[in-house]
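Participant: predicted model and sequence below, questions to follow.
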Amino acid sequence: MTTERSSSRSPREAAIEVGDAVHCALIDLRTAGTRLALDDVGTGHAGLRQILTVQPDLIKIDATFAHGIDADPTRQAIARAMVTFSRDAGTQCSFEGVETCAELTAIVECGGELAQRFLLGRPGPLPDDP
């Protein structure tokens, strides 16, 4: 795996090139039963090409698309398209950054079944193992 970084990008924004070694590692993880998620889909570093390469079990749609979705027909059209794409591709789709009841309602009306952010629950510690 090689990384590419420019001085204007933070490490979080660094582009990662998925080469043969990474592709083989993903195959090994999947064979071992690991479920794969692709985060921030819809941003520059997590687009359709990465979906094809990783073939994730879960596509996490970036918060950019949830913010204001209740009042934006373009965001709603993208949400419907991603939900349909996910179902057709045999993966799940989750919407990040849901902050209001109106946004959650709009996502559900677009066919969304999974969402996350403070409206639905704040991060917390994992429960202790029994």
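Facilitator: In hand now; what should we look at?

Participant: going forward, measure contacts and count neighbours with C-alpha atoms only.
Facilitator: Fine.

Participant: can you map out the helices along this protein?
Facilitator: Along the chain, the segments classed as helices by DSSP state H run 20-31, 48-54, 73-89, 101-109.

Participant: need the ones you listed in a markdown table with mean neighbour count and mean pLDDT, can you?
Facilitator: Listed next are the helices of the chain as a markdown table, based on neighbours: other CA atoms under 10 Å; pLDDT from 0 to 100:
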| stretch | mean neighbour count | mean pLDDT |
| --- | --- | --- |
| helix 20-31 | 13 | 81 |
| helix 48-54 | 13 | 84 |
| helix 73-89 | 16 | 96 |
| helix 101-109 | 18 | 96 |
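
Participant: in JSON lines: these, plus distance to A66.
Facilitator: Formatted as JSON lines, these follow (distance: least, CA to CA, whole Å):
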{"stretch": "helix 20-31", "distance to A66": "29"}
{"stretch": "helix 48-54", "distance to A66": "18"}
{"stretch": "helix 73-89", "distance to A66": "7"}
{"stretch": "helix 101-109", "distance to A66": "6"}
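
Participant: of all those, which lies closest to D128?
Facilitator: Nearest of the helices of the chain to D128, taken as CA to CA: helix 20-31 at 25.4 Å.

Participant: tell me which strands and helices the closest one is in contact with?
Facilitator: Packing partners of helix 20-31 (3 or more CA pairs under 8 Å, 6 or more residues apart in numbering; DSSP states H and E): helix 48-54.
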